[in-house]
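Chemist: no FASTA, just this:
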DNA sequence: GAATTTATTTAGGTAACCCTAAATTGGATT
DNA sequence: AATCCAATTTAGGGTTACCTAAATAAATTC
């Protein structure tokens, strides 16, 4: 296996961002990463090259960034640590969500395995984590459940009045960019307000805004009942 | 005056080491610092020059390093944070002393004031800190009092017309640098000139210059009324 | 007090991260 | 097919923070 022993905070942040983008949008492009992390695209490019040299990430020229198995594992570990710290701060110390998230972000790279486990135990003992297994397993289970719970359908297949949640955007390129810009990211709640006779266009409400989607666009949006 | 702004982790570590050496040996020399931090003497020299340029440290050529008032205050704040985290990890989470110290070292630079205070309260409530015996608690209280005097809020929460003072930048990396470059250092006076409908962007005046801040940026700036 | 050892500084590198500006490239539009 | 635009890469810089090696100053020892 890639005997990559240590990564800088920055590299870990990149991995984490990439993982989250893939989970949210199905892919992670240079520009997405740059926007999320608020750095220049050229900086992302450089960092991706470093991660790639370490075998944590793969990218064909001009293509999207993919995590290798090792990279994904690493990213998931960081993400899990993040979540546990977040929960600990919020549930045990009563810190507000925003601050808890910021602190989790800052600390996740440095916390020892021992302290991490102690936090998991503490959360378990106080009923804030309901499984007995380790936090990683809980998270894995949770994601599995998420995927199983409700069947995914295309937005244009819904009846008027449905309220759903975005699971994934299947489109690529400009269209996806456009949809993302409209706020149609993973987790966004959508209410179907109206449909024209042939199902084109579809009127929806997202985050308080009314949008009119072409059928072509709606087909690219995978959703599930909430 | 407190024309000291934000310091890198490394700089904070130097300050902390210097304070501890002075407490232990009565003085801090380049070599002592180099040994304690396990870096080359020339690296220490360089870092001392940077700290000196910031007015946190003083040194006559070939002489020992001394903390200025501002430097000592900063070092003591970090040290206090370190101790509280250490105690929290040891007493509450049951982490062994060595690991607790390592974690405290790593985390002390990043933990928010809120989480810090919550840890103090937690320790107090469980009898691991007594206000009279422990100087740490006093310091903690002092900071609490500071925080009470004028509540810290995010810049984007202010009404048009407010005049405030920067307390802290919560962002990291590029964004923080950008904000610093705009002159938004600790102590800088800011007047809120205008806000767009959704609070984005926000027009402010800093040191005579007009700036337009994105909401995202304004959220990273903690301020208090003056 | 001269020689030797130790401390400090200077000089010259390197690597990680970040930037802006200027090429490329690829997908969309026409 | 030619054009345009957005995304990506390359080129060229800058800062922080570390290093080794060599020069210089201070302290110690003989």
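Modeler: It's in. For clarity, every value in this text was computed on a predicted model and none was experimentally measured. Numbers count the residues shown, from 1 in each chain, chains lettered A, B, ... in the order given.
Chemist: give the rounded mean pLDDT of stretch A:21-38.
Modeler: For stretch A:21-38, the per-residue pLDDT values average out at 95.
Chemist: before we move on, what about stretch A:58-65?
Modeler: Stretch A:58-65 comes out at a mean pLDDT of 95.
Chemist: cool, and stretch A:119-129?
Modeler: 86.
Chemist: ok, and for it, which residues are buried?
Modeler: Residues of stretch A:119-129 classed as buried by neighbour count (16 or more other C-beta atoms under 10 Å in any protein chain shown): A:119-120, A:122-124, A:129. (Glycine included, C-beta is placed from N, CA and C.)
Chemist: next, count neighbours for residue A:91.
Modeler: 16 (other C-beta atoms under 10 Å in any protein chain shown).
Chemist: touching, it and residue A:124? I think so.
Modeler: No: the criterion here is C-beta atoms under 8 Å, and residue A:91 misses it with residue A:124 at 11.4 Å.
Chemist: is the helix or strand where residue A:46 lies positioned near DNA strand D?
Modeler: According to DSSP states H and E, residue A:46 maps onto helix A:41-53. Yes: interface with DNA strand D: helix A:41-53 contributes A:41-42, A:45-46, A:48 (C-beta under 7 Å from any atom of the strand).
Chemist: buried ones in that helix?
Modeler: Buried-residue list, helix A:41-53, by 16+ other C-beta under 10 Å: A:43-44, A:47-48, A:51.
Chemist: between the residues of helix A:41-53 next to DNA strand D, which is closest to DNA strand D?
Modeler: residue A:42 (3.2 Å; C-beta to the nearest atom of the strand).
Chemist: contacting residues for residue A:50?
Modeler: residue A:11 (C-beta atoms under 8 Å, 6 or more residues apart in numbering or on different chains).
Chemist: just list whatever residues bridge to the closest residue to residue A:59 other than its chain neighbours.
Modeler: With sequence-adjacent residues excluded and distances taken as C-beta to C-beta, 6 or more residues apart in numbering or on different chains, residue A:59 is closest to residue A:65, at 4.9 Å. Here residue A:65 sits in beta bridges with residue A:28, going by DSSP bridges.
Chemist: and stretch A:50-70, end to end?
Modeler: End-to-end distance for stretch A:50-70, by C-alpha to C-alpha, to the nearest Å: 15 Å.
Chemist: re the thing from before, in TSV: the residues of helix A:41-53 next to DNA strand D, plus pLDDT.
Modeler: TSV is the format used below for the residues of helix A:41-53 next to DNA strand D (pLDDT from 0 to 100):
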residue	pLDDT
A:41	97
A:42	97
A:45	97
A:46	97
A:48	98
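Chemist: would you check how far apart residue A:12 and DNA strand D are?
Modeler: 18 Å (C-beta to the nearest atom of the strand, to the nearest Å).
Chemist: domain parsing for chain A?
Modeler: Under the assignment automatic domain parsing, the domains of chain A span A:1-110, A:153-225.
Chemist: show me the contacts for residue A:109.
Modeler: With the criterion set at C-beta under 8 Å, 6+ apart, residue A:109 makes contact with A:9, A:12-13, A:78.
Chemist: within reach of DNA strand C, which of the residues you listed are there?
Modeler: residue A:9.
Chemist: tell me the one of the contacts of residue A:109 nearest residue B:34?
Modeler: Nearest to residue B:34 among the contacts of residue A:109, counting by C-beta to C-beta, is residue A:9 at 24.4 Å.
Chemist: dump the residue contacts of that closest one.
Modeler: Taking C-beta under 8 Å, 6+ apart, one finds A:109-110 in contact with residue A:9.
Chemist: what pLDDT does the model give it?
Modeler: 96.
Chemist: how about residue A:98?
Modeler: Value listed for residue A:98 in the pLDDT field: 90.
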